[in-house]
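A.B. asks: Could you work out the structure for the sequence below:
(6 chains)
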There are 4 protein chains.
Amino acid sequence: MPKIVDQEQYRKELLRKAFDLLAEKGYANVTTRQLAKELGISTGAMYHYFPSKKALFEQLVEEMGQQDVGMLQRRVAGATSLNQRITMLGTFLIENEAYFVKQTAIWTDFCMNSNLEEMTSNDVFRRVDQRYRQAIAEALNLADPRMAQFIWTLVNGVLVEQVSNPDAGGFAEQIELLTAMLIAYFEKFPT
Amino acid sequence: MPKIVDQEQYRKELLRKAFDLLAEKGYANVTTRQLAKELGISTGAMYHYFPSKKALFEQLVEEMGQQDVGMLQRRVAGATSLNQRITMLGTFLIENEAYFVKQTAIWTDFCMNSNLEEMTSNDVFRRVDQRYRQAIAEALNLADPRMAQFIWTLVNGVLVEQVSNPDAGGFAEQIELLTAMLIAYFEKFPT
Amino acid sequence: MPKIVDQEQYRKELLRKAFDLLAEKGYANVTTRQLAKELGISTGAMYHYFPSKKALFEQLVEEMGQQDVGMLQRRVAGATSLNQRITMLGTFLIENEAYFVKQTAIWTDFCMNSNLEEMTSNDVFRRVDQRYRQAIAEALNLADPRMAQFIWTLVNGVLVEQVSNPDAGGFAEQIELLTAMLIAYFEKFPT
Amino acid sequence: MPKIVDQEQYRKELLRKAFDLLAEKGYANVTTRQLAKELGISTGAMYHYFPSKKALFEQLVEEMGQQDVGMLQRRVAGATSLNQRITMLGTFLIENEAYFVKQTAIWTDFCMNSNLEEMTSNDVFRRVDQRYRQAIAEALNLADPRMAQFIWTLVNGVLVEQVSNPDAGGFAEQIELLTAMLIAYFEKFPT
DNA sequence: AATGAATGAGCGTTCATTCAT
DNA sequence: TATGAATGAACGCTCATTCAT
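C.D. replies: Just a heads-up that it's a prediction; the model follows:
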């Protein structure tokens, strides 16, 4: 069944093309016509590959999640100490700044466009979110998963600031500062 | 004689009523009809008090900003050391958790619904954002305003996590972790 | 009952104040709020004097009609020959150019805002229109009322042109040309 | 493959269908829903062919202008004397009475719904109006273009009367009277 | 598979009219 | 009488989705 593989590939290529536009404008501010234009196909064709605008968005979020987790795992594979893991997470983020800022924009937008009850009941959200947590916990290899969650929260804070604040200043600088803080914390309270 | 004696006060009361709904659903997902229903008035009356949906939203953001800044100033008034200031900021946030989470939802939504150029040119955004930064810098009384800004970024990270992640776990716990981390950092690198 | 007279007087004064605004913007482009502001009263008070916006407009049209007819009758009172009558009608129009152009704007607007069946069934329209025709016929003292109607039609043509065509050129010049044409016609075909 | 092969032609067909309704009710008194119903399509489809209600109206005015000018040119092509030209213009109008009365209603409405400054700055108005003037001047072939303009003003007067006055009496009769008057004038003052 | 014209519910907004004061 | 806040039906218009081709 090579056909199905090709379809899958094409679907993923379309999602990749949609990424930038949705990150820049946000789900609610992009029309299906704009989206189809960006993908280089007709609206009808778009509905052939995705059952709805919302589904396209969800598939994009899911796709991103899988990609991120894979990238992260590969990246921290060789780290041995906690400090090293944290530093590696930092350089990984800094090297892919543009991507992660956009990704944060999309994820935040995704959350804003679901109300609270939807979010807890939404399969895509639960699945992707859980995978993220697990990947972060594994990558940092921390005994306490809540600490892994906390670090991820702070990283997200820096990313959200980049999205929502044009004057936020250097991303690299902030991530390095965060790394230094975490190291100072773990020196004081070794796990 | 008009029914409403103090228009200004009534307008603020309407903003307060709009707060919860906008925090929960987000600007783009609330219609003017829903909003009017929530406020307990007709759409026409709503347009009597606010020139547009956008203006209502902006006034809400501005109103919140003023309130927050005032509250924060009063709260940290008596603090003497940096550690004390940081701790006070933490307990202040924890005590008003529900309010600040909603407030973060609205502010984030405000940023997501404006594209970058709009945000930098939007008077309301610029004004309120600047007041926030200044208030935070004053509250923490740090020599380097960028450090104050960065701490605020991390606090926002914790708040955003509460908004976007219903399973994120205890807000108080995370803020306390953050406080501990900051104290550890400043012990290692005294300012 | 001097009270009633005063009310009547005030109502007419309000109509006079509404005249310019309605002539300039047109019925559909003036809101009741604008109208009330122009009259220097509240919308509530306006509805005390006029049962509806439409009624105000109709009363204005009727009032204008009565005024015009009276003015015209007084003006041509002393004329003896047809040429003299036509010339007098011409100078009368030229001397009151601004008024008649506005009046034409309002009357045309009134007709455009009534559909055909309304116009034939509308009491105000029928009454005012009939008075106009009769006044013109009397003023010109023509044996054939259709000829009077025809002359009035041509005069209206010149007036409408002033309303709808900013480059139409001198009103006086055009009325004089029309007068010359009519005189040439009556020299060739004496009545 | 799209359903409609020739968009341009369909657009003109839609304008033709809109003509009667707009002539009868006037721009301000026809809603987009009514208009769409009259055209036999949905409001959405209407906005597919016309960017706005105003644009539809302007395109209608422009389309009419082109059509009229072409018809008029073809009609007076063979005329040699001024009297012949005037007579031909008259019979041309009489033969197309219903069309020209509606056309006058639309054009007058167009002028009433634009205030003065809009009219002078409106590209459509300027262009169509200029084409009309030129066509009339050419059709009558008068040395003085202002005389051609004035004759057109009188013709418009007769047309407006038909629009605004259901009892105005025979259109043909009035046009014939006008023709006779013009001929009498030019006999007295040959150009 | 692919197109894009067509749909129509629903959007933000307006405004003639009403009515508590 | 007079005010102007309040109403809500209706406006011009948008856009996710469908479907004939």
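A.B. asks: contacts and neighbour counts: CA atoms only from here.
C.D. replies: OK.
A.B. asks: Name all residues that make contact with A:Arg85.
C.D. replies: Applying CA atoms under 8 Å, 6 or more residues apart in numbering or on different chains to A:Arg85 gives the contacts A:Val76, A:Ala79, A:Ala139, A:Leu140.
A.B. asks: Among these, which one has the most neighbours?
C.D. replies: A:Leu140 (25 neighbours; other CA atoms under 10 Å in any protein chain shown).
A.B. asks: From the contact counts, what lies against the helix-or-strand element of chain A with minimal mean pLDDT?
C.D. replies: Using mean pLDDT, DSSP states H and E, helix A:116-121 stands out as the lowest-scoring helix or strand of chain A, at a mean of 73. Of the remaining helices and strands, those touching helix A:116-121 by 3 or more CA pairs under 8 Å, 6 or more residues apart in numbering or on different chains; DSSP states H and E are helix A:123-140.
A.B. asks: which parts of the helix it packs on are buried?
C.D. replies: If you call a residue buried by 16 or more other CA atoms under 10 Å in any protein chain shown, then helix A:123-140 has these buried ones: A:124-125, A:128-129, A:131-140.
A.B. asks: So stretch A:149-158, near chain B or not?
C.D. replies: Yes - applying CA under 8 Å from any CA of the partner chain, one finds stretch A:149-158 in contact with chain B at A:Gln149, A:Phe150, A:Thr153, A:Leu154, A:Val155, A:Asn156, A:Gly157, A:Val158.
A.B. asks: for DNA strand E, what are the nearby residues on chain A?
C.D. replies: When proximity is defined by CA under 7 Å from any atom of the strand, chain A lies next to DNA strand E at A:Ile41, A:Ser42, A:Thr43, A:Gly44, A:Ala45, A:His48.
A.B. asks: Now, of the residues you listed, which are buried?
C.D. replies: Counted by 16+ other CA under 10 Å, the residues of chain A next to DNA strand E give A:Ser42 as buried.
A.B. asks: Report the entries of the residues of chain A next to DNA strand E that also contact chain B.
C.D. replies: Applying CA under 8 Å from any CA to these, none is adjacent to chain B.
A.B. asks: Could you export the residues of chain A next to DNA strand E as JSON lines, including secondary structure, distance to DNA strand F and pLDDT?
C.D. replies: Below are those laid out as JSON lines (DSSP: H, G, I helix; E, B strand; the rest coil; distance: CA to the nearest atom of the strand, whole Å; pLDDT from 0 to 100):
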{"residue": "A:Ile41", "secondary structure": "coil", "distance to DNA strand F": "12", "pLDDT": "97"}
{"residue": "A:Ser42", "secondary structure": "coil", "distance to DNA strand F": "8", "pLDDT": "97"}
{"residue": "A:Thr43", "secondary structure": "helix", "distance to DNA strand F": "5", "pLDDT": "97"}
{"residue": "A:Gly44", "secondary structure": "helix", "distance to DNA strand F": "4", "pLDDT": "97"}
{"residue": "A:Ala45", "secondary structure": "helix", "distance to DNA strand F": "7", "pLDDT": "97"}
{"residue": "A:His48", "secondary structure": "helix", "distance to DNA strand F": "8", "pLDDT": "96"}
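A.B. asks: which residues touch the residue in chain A positioned nearest to chain C?
C.D. replies: Per CA to the nearest CA, A:Asn29 is where chain A lies closest to chain C, at 32.8 Å. With contact taken as CA under 8 Å, 6+ apart, A:Asn29 is in contact with B:Asn113.
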